[in-house]
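Enquirer: Based on what follows, work out the 3D shape:
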Amino acid sequence: MEQSRARESAAEPWQVAACGTGVYGTGEDAPGADLPGSRAYGAARVPEQVRGEHTHCDPQGSGAGEGAGPGQVRRHSVRGQILAALRGALVSGSLVPGEVYSAPVLGERFGVSATPVREAMQQLAQEGAVEVVPNRGFRVARRSAGELAELAEVRALIEVPVMLRLARTVPSDLWDGLRPVADATATAAALGDRAGYAECDRAFHRALLALSGNQQLVMVADDLHRRSQWPLVSAPALSRADLIADAAEHAALLEALTAGDLPAVQSLVQGHFTGGPGRRPAR
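Expert: The predicted structure is shown next:
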């Protein structure tokens, strides 16, 4: 029965969105890092040039990943493409918490062998998104509201003091350079694109924290952020209105940072993570 559900779920039209920030990616598995000033939203399908292959780099001069159309994910690594698609499916809810998914079935869906799918799933297992089910596949982890609240608390403990320090030390003109990143979140929110918003949201926070000059902090915070975006079993998916409200906080935060308004910065960042009255914690 679970194998049947895996096949049905694998047939869903998963899509992976990329936030075109241009410079704030954290490695080859950061979707959109190679799309300056653009936003790509296309079916999570492996480009024809590398379909069925298991490579981690583009052969010299092959052109794979260059000029990809809207129906392709612009990436050089098959594993990276699959990982990005699966992460998008986690955020969108296409990968259902509690369900078991088979690497061969998913590989068939993506038009690749089971190997890169299995490796991508192993990465997700290390991140806590799925758990290995011997001889069957991978079960999507179930999370509680308590876990989400714990993640929000840890993120606030890390990012609030960093943002306050940056508000005191970063020249105002540098904040203006981040407005396109905040605008990208607003665009994804207006479209109601949850997977695309998740990528743009993380890109915005990475861009802010990168000004600290502490790359380890950026990586740790980004990992916590990614984990906080996985949906809860019992909670409804974030609505378009939720996304728009969340994106508006990014714009307000930039205004406060530019003005050096420390109380406003602290209130906005803390509220962004823990949620204000009637709001869920940021994801």
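
Enquirer: where along the stretch 101-250 of the chain do the helices fall?
Expert: 103-110, 114-127, 145-169, 172-176, 179-190, 194-210, 215-228, 240-259 (DSSP state H, counting those that start in this stretch).

Enquirer: so where's the stretch 151-283 of the chain uncertain?
Expert: Within the stretch 151-283 of the chain, the segments meeting pLDDT under 70 span 232-237, 275-283.

Enquirer: circling back: for residue 138, which of the helices of the stretch 101-250 of the chain is the nearest?
Expert: helix 114-127 (4.6 Å; C-beta to C-beta). In short, each C-beta sits where N, CA and C put it, glycine included.

Enquirer: Now do the closest one against helix 103-110, angle only.
Expert: 110 degrees (axes from the mean of the first three to the mean of the last three C-alpha atoms, to 10 degrees).

Enquirer: Residues touching helix 114-127, excluding its own?
Expert: 54, 78-79, 82-83, 86-87, 90, 101, 103-104, 106-107, 110, 130-132, 137-138, 223, 226-227 (C-beta atoms under 8 Å, 6 or more residues apart in numbering).

Enquirer: wait, which of the helices of the stretch 101-250 of the chain is closest to residue 267?
Expert: helix 240-259 (8.5 Å).

Enquirer: name the helices or strands packed onto that closest one?
Expert: With contacts defined as 3 or more C-beta pairs under 8 Å, 6 or more residues apart in numbering; DSSP states H and E, helix 240-259 has these neighbours: helix 145-169, helix 172-176, helix 179-190, helix 194-210, helix 262-274.

Enquirer: Mind listing what's buried along it?
Expert: 242-244, 246-247, 249-250, 252-258 (16 or more other C-beta atoms under 10 Å).

Enquirer: could I get those as CSV with distance to residue 177?
Expert: Output for the buried residues of helix 240-259, formatted as CSV (distance: C-beta to C-beta, whole Å):
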residue, distance to residue 177
242, 27
243, 24
244, 23
246, 21
247, 18
249, 19
250, 14
252, 17
253, 15
254, 10
255, 14
256, 16
257, 12
258, 11
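
Enquirer: Now for the residues you listed: which two are most distant?
Expert: Farthest pair in the buried residues of helix 240-259 (C-beta to C-beta) is 242 and 258. Separation: 25.6 Å.

Enquirer: Tell me where the model's unsure across the stretch 1-150 of the chain.
Expert: For the stretch 1-150 of the chain (pLDDT under 70), the answer is 1-76.

Enquirer: circling back to that earlier point, can you tell me which of the contacts of helix 114-127 are buried?
Expert: The neighbour-count test (16+ other C-beta under 10 Å) marks 78-79, 82-83, 86-87, 90, 101, 103, 106-107, 110, 130, 137-138, 226-227 as buried among those.

Enquirer: how near is residue 165 to residue 265?
Expert: Using C-beta to C-beta, to the nearest Å, one obtains 10 Å as the distance from residue 165 to residue 265.
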